[in-house]
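J.: Using only what follows, build the 3D model:
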Amino acid sequence: MDPEAARTARESLDLAFHMSNILDTGLDRHTLSVLIALCDLGLNPESLAAVVKELRTEPPPTSSATPTTSTAPSFLP
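T.: This is a model prediction of the structure:
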C-alpha cells in the first residue's frame, strides 16, 4: 500500500472510530477495523451488526465448565 493510501485509510478509520465513540457503540478501534474490512469484502453490514449485538448478549462462559487436557480439537487424531 502506498503511503498516501495508508494515510487515507488511517484517517478514515480515525473518523469512523470517532463517530463510533459519539454513538457510544463500545467498539474498540481494532474491532471496528475488522468490521470495516469485512464490509469491504462484501459482507452485509446489517448482518454484521446483528452478530455483534448477539455476541454482546451472550453470557460469558462459566469457569465451572470441565477443563479439557487436550488443546487439539476433538476431531483431530
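J.: Could you use CA atoms for every contact and neighbour count after this?
T.: Will do.
J.: Which stretches in the protein count as helices?
T.: 3-22, 29-40, 45-57 (DSSP state H).
J.: Out of these, which is the most enclosed?
T.: With neighbours defined as mean count of other C-alpha atoms under 10 Å, these peak in mean count at helix 29-40, which reaches a mean of 14.
J.: contact partners of it?
T.: Here helix 29-40 makes contact (C-alpha atoms under 8 Å, 6 or more residues apart in numbering) with 13, 16-17, 45, 48.
J.: rerun that using 7 Å as the cut-off
T.: Contact with helix 29-40 is made by 13, 17, 45, as judged by C-alpha atoms under 7 Å, 6 or more residues apart in numbering.
J.: want to throw the residues you listed into CSV with distance to residue 59 and pLDDT?
T.: Shown next, in CSV, are the contacts of helix 29-40 (distance: C-alpha to C-alpha, whole Å; pLDDT from 0 to 100):
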residue, distance to residue 59, pLDDT
13, 30, 94
17, 26, 96
45, 24, 96
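J.: Need the pLDDT of residue 56.
T.: You'll see residue 56 listed with a pLDDT of 89.
J.: and the gap between it and residue 25?
T.: Distance of residue 56 to residue 25, computed by C-alpha to C-alpha, to the nearest Å: 11 Å.
J.: Alright, calling it a day.
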